[in-house]
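>>> model the structure of this input:
(chains A, B and C)
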Amino acid sequence: MTEARPHSPATSGPLPPSLQFGDQGRLRHLLTIEGLSRPLITEILDTAESFLGVNAQTVKKVPLLRGKTVMNLFFEASTRTRTTFELAAKRLSADVLNINISTSATVKGESLLDTLRNLEAMLVDMFVVRHADSGAAHFIARHVAPHVSVLNAGDGRHAHPTQALLDMFTIRHHKGDFSALRVAIVGDILHSRVARSQIHALNVLGAGEVRVIAPRTLLPVSVEELGVHVFHDIRAGLKDVDVIIMLRLQRERMDSGLLPSEHEFYQLWGLNEERLALAAPEAIVMHPGPANRGVEIDSRVADGPQSVILKQVTYGIAVRMAVMSMIMGGSVNQGASQ
Amino acid sequence: MTEARPHSPATSGPLPPSLQFGDQGRLRHLLTIEGLSRPLITEILDTAESFLGVNAQTVKKVPLLRGKTVMNLFFEASTRTRTTFELAAKRLSADVLNINISTSATVKGESLLDTLRNLEAMLVDMFVVRHADSGAAHFIARHVAPHVSVLNAGDGRHAHPTQALLDMFTIRHHKGDFSALRVAIVGDILHSRVARSQIHALNVLGAGEVRVIAPRTLLPVSVEELGVHVFHDIRAGLKDVDVIIMLRLQRERMDSGLLPSEHEFYQLWGLNEERLALAAPEAIVMHPGPANRGVEIDSRVADGPQSVILKQVTYGIAVRMAVMSMIMGGSVNQGASQ
Amino acid sequence: MTEARPHSPATSGPLPPSLQFGDQGRLRHLLTIEGLSRPLITEILDTAESFLGVNAQTVKKVPLLRGKTVMNLFFEASTRTRTTFELAAKRLSADVLNINISTSATVKGESLLDTLRNLEAMLVDMFVVRHADSGAAHFIARHVAPHVSVLNAGDGRHAHPTQALLDMFTIRHHKGDFSALRVAIVGDILHSRVARSQIHALNVLGAGEVRVIAPRTLLPVSVEELGVHVFHDIRAGLKDVDVIIMLRLQRERMDSGLLPSEHEFYQLWGLNEERLALAAPEAIVMHPGPANRGVEIDSRVADGPQSVILKQVTYGIAVRMAVMSMIMGGSVNQGASQ
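Numbers count the residues shown, from 1 in each chain, chains lettered A, B, ... in the order given. This is a model prediction of the structure:
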């Protein structure tokens, strides 16, 4: 899929802080949690709280984005993720088109930029972008026409901002004020699409303490500089925490020799009932899904009373509706001119 | 597709009679015709009759399911069937998402139950399920959350209830009162997804006489216990019938040695004009489609004046609209709670 | 894909002039530009002009086709083309279903005609047809039920009428009155899906002069009979023209020996800045996309100030909305009867 790979060397450069924002500091793209202020994140969470009610209604639909066009540009397959964005857009009354780029644009040897120019000329309002390469969404946001917004639905290891936002939503919805909370993130921090975003968001929101629990081989270098406490022993790390965020183990990483085996991983880093008992009594257990049962988490914990894993899915729709409506709802006078 | 196969031994167990019904006997799932009372089937057919008018209008749309989410969960490809359910849902103003499970859920090694839990957490209102294994829709209905309904769009040989219902609709629409009718079902009863459902529905609706016409090798054992008259000679079987339901021959069964050849099958069991003349003068000819012309039916009959085969397709949309609206329309106060 | 190939010898026969028109000369199908009168083409362009405004609005949606069902029947993959029709239909508030025939209808050995009969029995209002064989859309239009319209989205080399119409729209929108214009069509006329349609439309609209610029091997025999001036030298051909329409080079033709190499083609027939300077000062550059940069066109021209290539995409949505609404909007009392 050569064509779909951003071909500018600028891709991996530093992010201009202003790229995500338009006129008067309005959110124009959502590419990463980094650069979002505490008031802005709080506004997103507040807006999502109002959509949670919409989703629970019999008529789960509001006309906020009627006549808007959302295009899901998926450069790698992810039915689950695509479905959440499609649902969020439809419940806002937008029109949704699903485009699988890997199987279409390259057929005629067209470059990614030409494809984008073409799609935006159809007067699309938002691209929801999923790509295996870090920085792909940034690359697209940098080159996109003024009337189009970009929503990053996951790129490489880099960022998956709506996942991090729905995690923050989940914590606030169940545990309230961040300043009083101890939060532990457990597992493969190094390869996680969301761990870095979660840490950043927790810091911005003023979480009392953020811990990471992982083997040395699955931690980024200088992870302490992110403002976290590092634990290599899960029992010590879970002591008295209020929130446990389990990361998904990428099984394909196993082959690389970074990890011994699923069984051994579970012995050392898996969350079971006995370890969960070390946390605060009302601690909640989170996981981005789909969980590898018996690898990073025991089924009795995943399905147990402290698990909010499935609720995260429900909240995810509301958070995506919030981001979409804040980005597109504000562009009332931004129709493309001919 | 190991993951997509229901893995509980309970799958093949007997159906609890109440599984399809919710509070106050309201239809909650539609899994099979068995267990549906005559008044309920009649109500479905009456409701479908009203939607037939909607489909004939210029604006073929009613707002009954606005804001509802219907998810087509297809574990085996069937564009034709999927399209009829998608159209029915859209004409009721529901949002529709198509999910091909075989190509998505198993990618990350997720079990079927985890996939279902995830999708229902998106606050979907209905799963339309198509699966190659008998009992798959029942399995899903047994495990689904209280706010989700299941509509069986065909599972293995077991059941395809909306097909049987549209067949009943067709008969009633064209021939009126069931008690006066002789109905013949012709062909591969043994492997048919719908023959058993048809026989059951005809009995419940009080059809005057139900005949099955088939070679011994294509009949279930103890078929007589279903309350039908068995004929091994098509000429004798068609004598004076008012309705002829041809079954689709599964060509892939040919290889099993159960059948000699398409040519020989046609000689013995195919419906041609000369045999049709043995039926009552105004008899109608039905087929679930797509017909194997020259195998189970002659083109002159399939396209002839007594054929209602294409009308069945039209009626099928109306029947699916009826079932969907009766199941989901009644759940006004059943929004999922957080 | 045997099943999907129209199997009637009548396919390649002459088009009955009336096939595209229904009662009172109303446009019923759009299969080809040929046979469309100047007033009718002008009406289409005028209607498209009004939809251009709709597309530029925040709410890019009008309820003209609410409750109508549009089915995209694509027998060959073309995400770009399919997307433009899907968007046009959705912005008119129609319901859209995408059907990939090659992967579905033939699975069960069903013939094309049976598939069509089935789909039209679902009370579809319009088939948007894309097929690799010339005449496929005509074949379907000839056999389709009275309540269904056919819109040709490209068939073989034969016709791609909405592309030709959006080209005419582009010319009129930017250059005004056709009678004063010199228009040059450059490249592979022989294999182009649209060149013949363009020439025809330009003649009907009274273009001042139509030129074709191509090597002898890429021109149809007797091309002069179409009322064009033929140039084998691009410099002479571009002299003082107001509109340059570049054709897309089908790279797969290269192998046939008709063309020497991409490099040599570019040397002889490619449009670069120096050649563009030979045209009239305000000349516009058009291309149906996706452009082969460095083969038929230089990037500095494709992205330059005289290029209207991306605007053509925007206009294309408006033109498709115009055709769809004119065809389907007029059929108010044409609901199918049961």
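>>> who does A:Ile244 bridge with?
A:Ile244 has the following beta-bridge partners by DSSP bridges: A:Ala184, A:Val285.
>>> now it: how far from A:Arg28?
Using CB to CB, to the nearest Å, A:Ile244 is found at 34 Å from A:Arg28. The C-beta positions use only the backbone N, C-alpha and C, and glycine is treated the same way.
>>> okay, the two: which has more neighbours?
Taking neighbours as other CB atoms under 10 Å in any protein chain shown, A:Ile244 and A:Arg28 compare with A:Ile244 leading, 30 against 23.
>>> report the contact partners of that one.
A:183-184, A:186, A:238, A:271, A:276, A:279, A:283-286 (CB atoms under 8 Å, 6 or more residues apart in numbering or on different chains).
>>> out of these, flag the one nearest to A:Leu166.
Nearest to A:Leu166, judged by CB to CB, of those is A:Met286 at 9.6 Å.
>>> okay, now that closest one: neighbour count?
Neighbour count of A:Met286, defined by other CB under 10 Å: 24.
>>> let me know the pLDDT of the residue nearest to it when sequence neighbours are not counted.
Once flanking residues are discounted, A:Met286 sits nearest to A:Ile245: 4.7 Å by CB to CB, 6 or more residues apart in numbering or on different chains. At A:Ile245, the model reports a pLDDT of 98.
>>> count the neighbours of A:Ile245 for me.
27.
>>> how about A:Ala145?
Number of residues near A:Ala145 (other CB under 10 Å) recorded here: 14.
>>> looking at it, it is touching A:Glu120, isn't it?
Yes: contact criterion CB atoms under 8 Å: A:Ala145 and A:Glu120 qualify, at 4.5 Å.
>>> what do the two both touch?
With CB under 8 Å, 6+ apart, A:Ala145 and A:Glu120 have no common neighbours.
>>> okay, now A:Asp76: neighbour count?
To be clear, residue A:76 is Glu; Asp isn't right here. The number of residues near A:Glu76, taken as other CB under 10 Å, comes to 18.
>>> these two touch, right, it and A:Asp133?
No: the criterion here is CB under 8 Å, and A:Glu76 misses it with A:Asp133 at 9.4 Å.
>>> one step back: which one of the contacts of A:Ile244 is nearest to B:Val54?
Looking across those and measuring by CB to CB, the closest to B:Val54 is A:Met286, at 45.3 Å.
>>> check contacts around that closest one.
Contact analysis of A:Met286 by CB under 8 Å, 6+ apart lists A:167, A:170-171, A:243-246, A:308-309, A:312.
>>> quick check: the closest residue to A:Arg28 other than its chain neighbours vs chain B, distance?
Once flanking residues are discounted, A:Arg28 sits nearest to A:Gly22: 3.6 Å by CB to CB, 6+ apart. Relative to chain B, A:Gly22 is positioned 29 Å away (CB to the nearest CB, to the nearest Å).
>>> what of A:Ser307?
A:Ser307 is 11 Å from chain B, by CB to the nearest CB.
>>> what sits closest to that residue if chain neighbours are left out?
That would be A:Val285: by CB to CB, 6+ apart, it lies 4.7 Å from A:Ser307.
>>> ok, the one you found - how many residues close by?
A:Val285, neighbours per other CB under 10 Å, totals 21.
>>> right, and it touches A:Arg275 too?
No: counting by CB under 8 Å, A:Val285 does not reach A:Arg275; the two are 10.6 Å apart.
>>> so who does the residue nearest in space to the middle of chain A touch?
The structure's chain A has its C-alpha centroid closest to A:Gln163; by CA atoms, centre = their mean the separation is 2.5 Å. Taking CB under 8 Å, 6+ apart, we find A:Gln163 in contact with A:154, A:193-194, A:197, A:288, A:316.
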